[in-house]
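Colleague: build me a model:
(2 chains)
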Protein chains: 2
Amino acid sequence: MTNLRTPLASLSDGDLAGFLAEQQQAYAALQERHLKLDLTRGKPSAAQLDLADALLHLPTGTTDRAGVDVRNYGGLEGLAELREIFAELLWVEPSQVVAGGNSSLSMMYATIVDFLLFGGVDSPRPWSQEETVRFVCPVPGYDRHFSMLAELGIEMVTVEMHDDGPDVAAVEALVKDDPSIKGIWIVPTYANPSGAVVSQEVAARLAAMPAAAPDFTIFWDNAYAFHHLTEDEAKSADILSLAAASGHPNRPIMFASTSKITFAGAGVAVLAASAANVAWYLRHLSMGSIGPDKVNHLRHVEFFHDAAGVRAHMRRHRDIIAPKFAAVDEALTEGLGGLEVAEWTHPTGGYFVNLDVLDGTASRVVALAKAAGIALTPAGASFPHGDDPRDRNIRLAPTFPVLDEVRTAMAGVATCVALAAAEKLVADREGGSAARVGAEGDDATA
Amino acid sequence: MTNLRTPLASLSDGDLAGFLAEQQQAYAALQERHLKLDLTRGKPSAAQLDLADALLHLPTGTTDRAGVDVRNYGGLEGLAELREIFAELLWVEPSQVVAGGNSSLSMMYATIVDFLLFGGVDSPRPWSQEETVRFVCPVPGYDRHFSMLAELGIEMVTVEMHDDGPDVAAVEALVKDDPSIKGIWIVPTYANPSGAVVSQEVAARLAAMPAAAPDFTIFWDNAYAFHHLTEDEAKSADILSLAAASGHPNRPIMFASTSKITFAGAGVAVLAASAANVAWYLRHLSMGSIGPDKVNHLRHVEFFHDAAGVRAHMRRHRDIIAPKFAAVDEALTEGLGGLEVAEWTHPTGGYFVNLDVLDGTASRVVALAKAAGIALTPAGASFPHGDDPRDRNIRLAPTFPVLDEVRTAMAGVATCVALAAAEKLVADREGGSAARVGAEGDDATA
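Modeller: All right, here's what the predicted structure looks like:
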């Protein structure tokens, strides 16, 4: 969509004041509507959940194909037939897959706790006995990855997320000489929130790079591996094979789940890793588990039948959510196109649109939206400790509301972005020429 | 059942040799039968699991009574209506209950990990920063309680389990002056494996006793709270109220589950504690959880309806398993009555019979049984590190096999016990009069 509007920063003081007044009027009208809309979290909508309602009447059987009663205790590694489906989807061997409970986040947490309390396969000692443990965190990234590390006393070092994955040169430089850097978070496919897909080249470099810590671990959170928004379906890099071929078989641990495939609260999560890592994980898991919910495993196996069943199911999700992503783009283009006060992503998969607004205005946009009844993820949420140094990043999650609500909410968000930008530019100019020069020097719309 | 046989130790050398030969013959005949029976674990039988098969077609709805979609994320504390059912069953307030995943063992593990990494509500520091952390472990006890502590580097101090609970005077003495003692395991109702029920008086003393550690915690694993074998249904002491009334509101943390009520692998577990403890648990849980499987919560609510539904369901379990416990008693009485080489419990609930054989023969009995195709829990399993100092304790778990198999297996076990005892007594006598006197001095049948 072409937009002929003038960049906001290039308006005369008078035109800018006029624009500000227009946006203030538009915002007042927005508030009059008393909206109550929520774009905060990457949650499936009711219509998406409905796609899996057949699960409510499954399983029809009570034994797995080996004849084991799924209702009883045991089977720590999960149902073989479910592990096979995920092995095919994730390009690994079934023996490399552990099927767990309803949350891959819980498996990540358990894994890091195991590293802290016991150390990993290649650890010289438990991480809790290290003076400092640090993780590389590509930003913007997933807020719960960061809050988990903060909770566990692990320091975070940020690198930029690029279109092909984390800034791999920066990662290599950090990891090479610093043995306190023990891990990195990666959402390799349709990253949260940027939508970026880690390229083969970046994945290969992450797998092969020298690391000062012998137990440096890539936490490969493939939450959106199958969550395509177009027919151009991204292939996740085969990180386990790449790492094994580079002599670092235990470096990556992969996570995935059906939380955004079947039921967000009642799906199944999986972990995939080297044989040694799987044995390590299961050994510690056995101390605090009586086995996963195998009835839910069988329920999912009967529902999907096979990997092709998962892929087909994901196309039904796409039909529901792709229009919502299109609506986000339309509303932002309509409201902000040409103003050069915001940039946003056009993801081909995943659950988020990453919106970068004028530096220093993200918090204001979120506050304005909130006061107009539109809940957005807190500004800065995609950065460690919620601290976005440029205060410009906003994560939009359009899947949960119905399509009309997405349109309404995003038109409102565009108004808030434009209003906050106009306020900022006016304030900067009123702050005198020094402030103005400074503002002009910023890469405000990067 | 009266038994007129002569105590084995009082037989003449010749009669003892004759008895040994008889048992050797009986054992050879046992081996000829090529049995394959398993009394190792406290697992529900298929018939018990069948009682809950209606769960396979539930829930019929997808929202809780507050209108929240149970299929989606969230609701960390669990479905309100399920927490209410357990609150009534456990004599606590719904706000004191957290409903979790399929395993109370996982909740216990998570709780201890939280104490280690963060410290509890009343902890001066995380337990991992203490030089030594020790738990009081009543013996015989639950093997997985002990292996969990061993895994986490927590030392174990044993006290004897009596008919009314742990030797409370011994516990008081240990806890009073030693701040390194941070916890105690208690299975208060139909204990694993002794079947003992903690009396009101013992519970009150545990709740009130002075403890050197301000964060001394009672891990009150009420796994068998509703698992009665007779109409004389034991009431669990109200440990939370007792502790609160004694000024130690945060001392007890209670655990329970439906693992032996509905499906052992696909039930729901709960934790109950003071408001401060619940808030503490949820705060840490939130870092690694997207909420419990609320569909399974709703499934259980629809299945039970209310607390009375749980109690009624447990009577159906009783009908299936009480005859198995009777069969254990009959077989042991028939095979060993009057010989004074074994004592066993007559539990009125729970999942186990505790069998104490002649000192120094438990390992031999288990080995003999194994060689005859009868799998028993390893000797010593009910002691920390698997070390029964008297080598006399065997845990029998009769619920899983069908009734006929229980009869067959237990007749075989009786043969193994008698054979091992005869072997031991003959060997002791052959070892000379000193050994014989020593053996007679032992409390061999205590």
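Colleague: what about A:Pro323, how many residues nearby?
Modeller: A:Pro323: 16 surrounding residues under other C-beta atoms under 10 Å in any protein chain shown. Where C-beta positions appear, they are placed from N, C-alpha and C, glycine not excepted.
Colleague: does chain B sit close to the strand or helix carrying it?
Modeller: In this structure, A:Pro323 sits in helix A:307-336 according to DSSP states H and E. No. Remark: helix A:307-336 sits outside contact range of chain B, by C-beta under 8 Å from any C-beta of the partner chain, the gap being at least 13.9 Å.
Colleague: following that helix, which helix or strand comes up?
Modeller: Heading C-terminal from helix A:307-336, the first helix or strand you meet, by DSSP H and E, is strand A:342-344.
Colleague: quick check: angle from the helix or strand following that following strand to helix A:307-336?
Modeller: Toward the C-terminus, strand A:342-344 is succeeded by strand A:353-357 as the next helix or strand (DSSP H and E). Relative orientation of strand A:353-357 with respect to helix A:307-336: 20 degrees, computed using axes from the mean of the first three to the mean of the last three C-alpha atoms, to 10 degrees.
Colleague: what about strand A:353-357, distance to the chain center?
Modeller: Between the mean C-alpha point of strand A:353-357 and the mean C-alpha point of its chain there is a distance of 14 Å (C-alpha atoms, centre = their mean, to the nearest Å).
Colleague: given it, what are its sheet partners and their directions?
Modeller: As defined by DSSP bridges, the strand partners of strand A:353-357 come to strand A:342-344 (antiparallel), strand A:393-396 (antiparallel).
Colleague: which secondary structure elements does the helix holding A:Pro323 contact?
Modeller: helix A:46-50, helix A:80-90, helix A:294-304, strand A:342-344, strand A:353-357, helix A:403-430 (3 or more C-beta pairs under 8 Å, 6 or more residues apart in numbering or on different chains; DSSP states H and E).
Colleague: which residues does the residue lying closest to A:Thr399 once chain neighbours are set aside contact?
Modeller: Distances taken as C-beta to C-beta, 6 or more residues apart in numbering or on different chains put A:Ile321 closest to A:Thr399, at 5.1 Å, once the chain neighbours are dropped. Shown here is A:Ile321, whose contacts under the criterion C-beta atoms under 8 Å, 6 or more residues apart in numbering or on different chains are A:Ser45, A:Gln48, A:Leu229, A:Pro398, A:Thr399.
Colleague: now do A:Arg390
Modeller: By C-beta under 8 Å, 6+ apart, the contact list for A:Arg390 reads A:Asp359, A:Gly360.
Colleague: hmm, 7 Å instead?
Modeller: Residues in contact with A:Arg390 (C-beta atoms under 7 Å, 6 or more residues apart in numbering or on different chains) are A:Asp359.
Colleague: roughly how far does it sit from A:Asp359?
Modeller: A:Arg390 sits 5 Å away from A:Asp359 when distances are taken as C-beta to C-beta, to the nearest Å.
Colleague: how about A:Ala369?
Modeller: Applying C-beta to C-beta, the value for A:Ala369 to A:Asp359 is 18 Å.
Colleague: correct me, but A:Trp220 touches A:Arg251?
Modeller: No. Assessed by C-beta atoms under 7 Å, A:Trp220 is found out of contact with A:Arg251, at 9.5 Å.
Colleague: using the three-state scheme, assign whatever residue of the stretch 151-300 of chain A ends up closest to chain B.
Modeller: Evaluated by C-beta to the nearest C-beta, the stretch 151-300 of chain A has A:Gly288 as its residue closest to chain B, separated by 2.8 Å. Remark: A:Gly288 carries the secondary structure label coil [criterion: DSSP: H, G, I helix; E, B strand; the rest coil].
Colleague: could you verify my assumption that it touches B:Ser104?
Modeller: No. Under the criterion of C-beta under 7 Å, A:Gly288 lies out of contact with B:Ser104, with a separation of 10.4 Å.
Colleague: still on that earlier bit, separation between the residue nearest to A:Thr399 and A:Val353?
Modeller: Look at A:Ile321 and A:Val353: by C-beta to C-beta, they are 12 Å apart.
Colleague: that older thread, neighbour count: A:Ala369 and A:Asp359, which is higher?
Modeller: For A:Ala369 versus A:Asp359, neighbours defined as other C-beta under 10 Å are more numerous around A:Ala369 (25 against 20).
Colleague: quick check: bridge partners of A:Pro138?
Modeller: Beta bridges link A:Pro138 to A:Val159, judged by DSSP bridges.
Colleague: OK, contacts around it?
Modeller: A:Val159, A:Glu160, A:Met161, A:Pro166, A:Trp185, A:Ile186.
Colleague: point out the residues in the stretch 201-350 of chain A that sit beside chain B.
Modeller: Where proximity means C-beta under 7 Å from any C-beta of the partner chain, the interface of the stretch 201-350 of chain A facing chain B comprises A:259, A:263-266, A:287-291, A:293-296.
Colleague: with respect to A:Phe19, which of these is nearest?
Modeller: The shortest approach to A:Phe19 among those belongs to A:Ala264, at 41.0 Å (C-beta to C-beta).
Colleague: can you confirm that closest one is in a helix?
Modeller: No. If the criterion is three-state DSSP, then A:Ala264 is coil and not within a helix.
Colleague: state the distance from it to B:Ala191.
Modeller: Between A:Ala264 and B:Ala191 the computed distance is 39 Å (C-beta to C-beta).
Colleague: can you count the residues close to A:Ala29?
Modeller: Here the neighbour count serves as a burial measure; for A:Ala29 (other C-beta under 10 Å) it reads 12.
Colleague: ok, A:Asp319 next?
Modeller: Other residues within reach of A:Asp319, judged by other C-beta under 10 Å, total 11.
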